[in-house]
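> Have a look at this prediction, sequence included:
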Amino acid sequence: MGTEIERKFLMKDDSWRSLAKGTRYRQGYLNSTKERVVRVRTIDDKGFLTIKGITTGATRVEYEYEIPDTEATAMLDELCEKPLIEKNRYKIAFDGLTWEVDEFFGENQGLIVAEVELESEDQEFEKPGWIGDEVTGDPKYFNSNLIQNPYLKW
């Protein structure tokens, strides 16, 4: 069993853009209840199936498996709840941690958030200057909730 401890933040400005090249992600949800999420994702030419448990604080259980890209694409197109999540992900190293900045498209155009994965919930870390307000505990920023309440409708 894997455990994910992740904090999520809004962006203060665009100064992060020159620090990394984005990778295109497409993802959808076979199940998006708060107790469990089953996600299908493509990253470039790879497919993944991910199962996540309920979030408590900044922690939840997570299982992830690589699956054939053709199967992931078929699931996204035929089985997943709509709209799909489409985004570019930028990975930026800062002070010993990797920040993942997600720039959303489609129904969530204009939303940009940064996440950092930690070893423990009380781990101290320095935030880059481009990091704004924390939204870790706000469920409207969960990717699984962005299909039911897209950013363009806020």
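Done, it's in.
> in the protein, which spans are helices?
Using DSSP state H, the helices assigned to the chain run over residues 69-78.
> got a list of contacts for stretch 19-34?
Applying CB atoms under 8 Å, 6 or more residues apart in numbering, the contact partners of stretch 19-34 are 37-44, 54-55, 75-76, 79-82, 84-92, 101-103, 139, 143-145, 147-148. For glycine as for every other residue, the C-beta is placed from the backbone atoms N, C-alpha and C.
> If we use 6 Å, what do you get?
Outside stretch 19-34, the residues that touch it by CB atoms under 6 Å, 6 or more residues apart in numbering are 38-43, 54, 76, 80-81, 84-92, 144.
> next one: stretch 52-61
By CB under 6 Å, 6+ apart, stretch 52-61 touches 1, 3-7, 34-37, 62, 121, 136.
> if you set the cut-off to 8 Å instead, what comes out?
For stretch 52-61, contacts defined as CB under 8 Å, 6+ apart pick out 1-7, 34-37, 39, 62-63, 118, 121, 136-137, 142.
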